[in-house]
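Visitor: I need the structure of the sequence given here:
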Amino acid sequence: MAALIALLSAFGMLIAAMFIGGTPAAFVNGAGILIVIFGTMAVTAISFSPRELSEMPRTLWRLITESQRDPSIAAITVLQLAERTRKDGILVLKKLLPGLRDYHFLRSACQLILDGTSAEEAEAILQRESHTVANRYLRSIDILRRAGDVAPAMGLIGTLIGLVQMLGSLDDPSAIGPAMAVALLTTLYGAMMAHLVFIPLAAKAERIASDETLLNQVYAMGATSISRKENPRHLEMLINTILPPTNRIMYFK
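Guide: Purely as a prediction, here's the structure:
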């Protein structure tokens, strides 16, 4: 949600500047919007498959609304499960699964353990699943970065179109203004779309992919440790080796 607020704030400041500096309607141009927004979407679509593009709306919504998750909370959740299973046995996970609805990867990992999957096999399955999740974000990053490259280029193309129209209308002063508006506003639209939307979202997608990989690694490490019936204190030590220094925990004191 913080990203959505930041995005709206950025556009809000630009709109406020338009109101302060003159007439906001002067910054609206149908031809420029057509060239930059729809042109960017069309050109970007050339580089990717329909299936990859169909996943983008859901991914974009998640990028805009999802907050950063704390890996130390994930680590504590895993250690609580490990401590409970060591005390009451692995079958207690069956009672705990309903409380893990918001932890899809951890829920899948616990289900593997309940199904009798060996620790080595479970670890391999969870690694493949983690790579699949990360690859989904990597495709989204590629699409957003491609759109961030295309948008300014489409703005430049629109500028050239506007300049050609302007030069072809020098004998008609009334046509120079609209052509000049297309020339200038397409550059503005391209810069806004690239630097206010596509590039920031690509950077956030890259960070979320990194965070998701770390969280899934913590969950997988906890699940395999529970499967091996290891001491939770040993699991805490292992988890702290992959957590950033600021997120390391001291669950057992």
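Visitor: CA only for contacts and neighbour counts going forward, please
Guide: Will do.
Visitor: Now do stretch 26-46: everything it contacts.
Guide: 18, 53, 143, 146-147, 150-151, 154-155, 158, 181-182, 185-186, 189-190, 193 (Cα atoms under 8 Å, 6 or more residues apart in numbering).
Visitor: are any of those residues buried, and which?
Guide: 143, 146-147, 150-151, 154-155, 158, 181-182, 185-186, 189-190, 193 (16 or more other Cα atoms under 10 Å).
Visitor: Out of those, which comes closest to Met250?
Guide: Ile143 (40.2 Å; Cα to Cα).
Visitor: Please tell me how far the closest one sits from His131.
Guide: 18 Å (Cα to Cα, to the nearest Å).
Visitor: ok, back up a step: biggest separation within the buried ones among the contacts of stretch 26-46, which pair?
Guide: Ile143 and Ala181, at 29.3 Å, using Cα to Cα across the buried ones among the contacts of stretch 26-46.
Visitor: Show me where the stretch 51-200 of the chain dips below the pLDDT cut-off.
Guide: For the stretch 51-200 of the chain, no stretch is flagged by pLDDT under 70.
Visitor: roughly how far out does the helix ranked longest in the chain sit from the chain middle?
Guide: Identified as the longest helix of the chain according to DSSP state H is helix 119-167. In terms of Cα atoms, centre = their mean, to the nearest Å, the centre of helix 119-167 is set 11 Å apart from its chain centre.
Visitor: and if you look at stretch 161-180?
Guide: 42 Å.
Visitor: For burial, what's the neighbour tally of Lys253?
Guide: Using other Cα atoms under 10 Å, Lys253 has 4 other residues around it.
Visitor: Equivalent analysis for Tyr137, please.
Guide: For Tyr137, using other Cα under 10 Å, the count is 22.
Visitor: With Val78 instead?
Guide: When neighbours are counted by other Cα under 10 Å, Val78 comes out with 25.
Visitor: Repeat that for Leu196.
Guide: That count, for Leu196 with other Cα under 10 Å as the rule, works out to 17.
Visitor: I figured it hits Leu7, correct?
Guide: Yes - Leu196 is within contact range of Leu7, at 7.2 Å (criterion: Cα atoms under 8 Å).
Visitor: which residues does the most centrally placed residue in the chain contact?
Guide: What sits nearest the mean C-alpha location of the chain, by Cα atoms, centre = their mean, is Ala205, with 2.8 Å. By Cα under 8 Å, 6+ apart, the contact set of Ala205 is 63, 137-138, 140-141.
Visitor: repeat that for 7 Å
Guide: Contacts for Ala205 were tallied using Cα atoms under 7 Å, 6 or more residues apart in numbering; they are 63, 137, 141.
Visitor: For the second one, give its distance to Ile242.
Guide: Looking back up the chat, that one is Tyr137. According to Cα to Cα, Tyr137 stands 21 Å off from Ile242.
Visitor: Helices along the stretch 1-150 of the chain, start to end?
Guide: In the stretch 1-150 of the chain, the helices defined using DSSP state H, counting those that start in this stretch lie at 2-21, 30-33, 39-46, 50-54, 56-65, 71-88, 93-96, 104-114, 119-167.
Visitor: same for the fifth one, what does it pack against?
Guide: Going back to what we said before, that points to helix 56-65. Packing partners of helix 56-65 (3 or more Cα pairs under 7 Å, 6 or more residues apart in numbering; DSSP states H and E): helix 2-21, helix 199-228.
Visitor: and that helix with helix 199-228, angle?
Guide: 90 degrees (axes from the mean of the first three to the mean of the last three Cα atoms, to 10 degrees).
Visitor: quick one, helix 56-65 and helix 2-21 angle?
Guide: Using the same axes, to 10 degrees: helix 56-65 against helix 2-21 is 80 degrees.
Visitor: What lies in contact with helix 56-65?
Guide: 1, 3-4, 140, 201, 204-205.
Visitor: please redo it, this time with the cut-off set to 8 Å
Guide: Against helix 56-65 from outside (Cα under 8 Å, 6+ apart): 1-4, 137, 140, 201, 204-205.
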